[in-house]
Structures are given as structure tokens and as C-alpha cells.
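Participant: Take a look and give me a structure for this.
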Amino acid sequence: MKTLRFVCGLLVALPLMAVTCNRPTKKVENPLLSSIKLPEGFEISVFAKVDNARSMALGDKGTVFVGNRDGKKVYALVDADQDGVAEKTYIVADNLDTPNGVAFRNGTLYIAEISKIWKLENIEDKLQNPPKPVLFFDKLPDKEHHGWKYLAFGPDSKLYIPIGAPCNNCNDSEKDPRFASISRVNEDGTGFEVFAHGVRNSVGFDWHPQTKELWFTENGRDMMGDDQPADELNRAPKAGMHFGYPYVHQGTIIDSEFGKGKNPADYTPPVANLHPHGAALGMKFYTGRMFPDSYKNQVILAEHGSWNRSKPIGYQLSVVKLKDGKSVGYSTFASGWLKDGKAWGRPVDVLQLKDGSLLVSDDFADLVYRISYKS
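Facilitator: Residues are numbered from 1 along each chain as shown. This next block holds a predicted model:
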């Protein structure tokens, strides 16, 4: 007997993995988009509707894969006519434990659960009938606190995996160095190692297009007041660096519980201090040709928004301007998801498409946006 389920608004008796959600080819109208403020010449539209849209990855054939934190599914979005709207949405994996992180390499989609990573081979040729996930790696901690993962392959062909601290503020990494780190494994799943230490929780990173160095966002600890510590944008040019947590925050603040006897000079400070509790998540170096030249090789990041600040902050996209590996500016790029102190959307991740436009996922409004530029 087949199980009946609601999928894409319909009651179906098909195997869930074979279900395709067809979206209208015309642009989806959303009146709230009129509240989004962008620099002159930029436009925002709805690319697709996706439940709890989180981390994104781009396939070789242009498929956009979207992970999910509060649900169990991973989605694939297809814009076949390249009009800026995904006409089809496929469910390529289901019944997973917090499949937030997705990465794509050589035809294979990698999906991160809390403690395991799975892979779907040749997935872009099998969207309508996806294969069962194959286990890739299963030596990750099973702690749910900061357990959701971001995934990305580096220029060294290794898969990078952040493992957050299993707490707000603790020194568990002294017992298990996998915690509060960014780790990596070889493309065949061997050679696990911690690449960067003292990273409380990173849910977004990218490599500089020129230097090939790893840059990442990091969320600062809670319960130190509204205005400290700052979230961070960090740079890791080599393995083995320590970025301070839980001993030092934002490069200068010694932790009251674990910082006794510690010297901030012994740890790597952030390149830029970001909004305190703004929840900086996904980030990308912009390398496309659509946006003005001033955005070339600059950081565009999503700030998901604060959850425990007396005055909400974040809920926007920001740009960090860089020169010679240093921050020379930090400003708002897109805002308006926060209206009158209440949020109607929360940006999570950013992804550059082949045409140079930028996708933005939103796990609160259940949307993926497309930001484009016309001179």
C-alpha cells in the first residue's frame, strides 16, 4: 500500500522521490519584495519557492541544489529557459537528519547531516528518479547544538566541513578537537583533519579567487549583552591556525570563564568585525561580470538576523570591501526583510549563477531570490 502525502500542494500516492513540482514559468509576484532596498541598478525577484531554504550549491548543468535545516529534504531547482525563474523543483533526497549543507563536484552532490555525509552520483541526469544516497563519511560528532553543516570543496580538491561548538560557550574542543573547528577530508572520504581551530560556528565560507585562501564567517557567543561580541569575517591562509574561541572573542575580548591567562595576541584576529549577533552565514566572493566592477572579488554575505538582541539587527545582505587582504569597508547591500522591528524574511546563503546574478536563500519566507543588475 502506497503512502499518501501532500507534495507541492497535491495529495499524491507516488514514491516521494519521483515527485516533481512544476512551477509557473512567469515570474512569481511577491508584494513584500517592494520593501527590499538595493543599490541603484539592482533588482530582486523570486527565483523559486522552497520550504526552509538554506545552503545552496550549483551543478555543472546549472541545477541549483538547496539544503534544509528544519525539514528532511534536499531540493533541486531547474531554470531551463534561463529567464530567472525556476520552472521545476525536484526532491532529490528525503528523510535525512538536518540536511543543511550541500556541495557539488564532478557530477556528484554531497549532503551533510548532523553526523554523516552522503553523496548522489550523476544527480543532474537523474533528477526525476534520483538514486539512493551513498554514505561518504560518518565520523562526525552527533551533537545537535550547532550541528548543522555547511559544505564546500576547496581549490585543493578537499571537502571542508565546519563542526560547531556543542554549546553557547564551552571548552569541549579541549577534549575533542573536532568541535569548534573547520575540518576537511579528501575527495574519497579519507584523511580527515582539523584545518582551523577556535571557530565557534561557521555556516559559510569561500576561497579568495586570486590567493585561493579560505575566508569564513563566524557567529560570536551569546549572553554577553547586545553589543558584544561581534560576528567575524576570518581569513585562514594555512592549516593549524586558532581563531580564539572560547578564550578570546572578536580578537580582543577575553572570555570571563575560559579566558583566564590567555593573551589575544596568541590567536588570529578577524579581518572584519561584523554586526554583533547579526548571525553572519553564507558568503561568496563575487567573480561575475553582471555587477559593476567595484564588486569584483569582494565579499557578499548574508546576515540571518539576531534572535536574542533587545533591538533586532541583521536580516540583510552586506558587502565587505577588501584591499590587500584587509577590510576597507563594511556596508549594507540589501535590506528590508526587517520591517518595524519584525522580520518577514531571513537571508541564509548566497550563490552566484553563471550569468553573474546572485541567488539568496531565505528559510523564513521559504523563498530563493535572484538579484540582478542592469546598467
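Participant: Is L367 bridged to anything, and to what?
Facilitator: Residues in a beta bridge with L367, per DSSP bridges, are K49, D362.
Participant: That one contacts W344, correct?
Facilitator: No: contact criterion Cβ atoms under 8 Å: L367 and W344 do not qualify, at 10.4 Å. For every residue, glycine as well, the C-beta is placed using N, CA and C.
Participant: out of these two, which sits in the busier spot?
Facilitator: Relative neighbour count places L367 above the other of L367 and W344, with 21 against 15, counting by other Cβ atoms under 10 Å.
Participant: Any idea how far stretch 78-86 is from the middle of the chain?
Facilitator: Between the centre of stretch 78-86 and the centre of its chain there are 22 Å (Cα atoms, centre = their mean, to the nearest Å).
Participant: what does stretch 170-185 give?
Facilitator: 20 Å.
Participant: what does stretch 334-351 give?
Facilitator: With Cα atoms, centre = their mean, you get 15 Å for stretch 334-351.
Participant: Look up the pLDDT of P24 for me, please.
Facilitator: Predicted confidence (pLDDT) for P24: 35.
Participant: Over to D206?
Facilitator: Reported pLDDT at D206 in the predicted model: 98.
Participant: what do you get for M283?
Facilitator: For M283, the model assigns a pLDDT of 98.
Participant: Which strands border the stretch of helix or strand L351 belongs to, and is each parallel or antiparallel?
Facilitator: Element membership for L351, per DSSP states H and E: strand 347-352. Strand 347-352 has these partner strands in its sheet, going by DSSP bridges: strand 358-362 (antiparallel).
Participant: Report the rounded mean pLDDT for the partner strand.
Facilitator: 98.
Participant: who's in contact with A239?
Facilitator: With contact set as Cβ atoms under 8 Å, 6 or more residues apart in numbering, A239 has these partners: 193, 195-196.
Participant: Quick one: buried ones out of those residues?
Facilitator: By neighbour count, with 16 or more other Cβ atoms under 10 Å, the contacts of A239 hold 195-196 as buried.
Participant: Closest one of the contacts of A239 to E43?
Facilitator: Within the contacts of A239, distances to E43 taken as Cβ to Cβ reach their minimum at A196, with 36.7 Å.
Participant: would that closest one count as being in a strand?
Facilitator: Yes: the assignment for A196 is a strand, going by DSSP: H, G, I helix; E, B strand; the rest coil.
Participant: Once you drop chain neighbours, what's closest to it?
Facilitator: Among residues not flanking A196 along the chain, I182 sits closest, at 4.3 Å (Cβ to Cβ, 6 or more residues apart in numbering).
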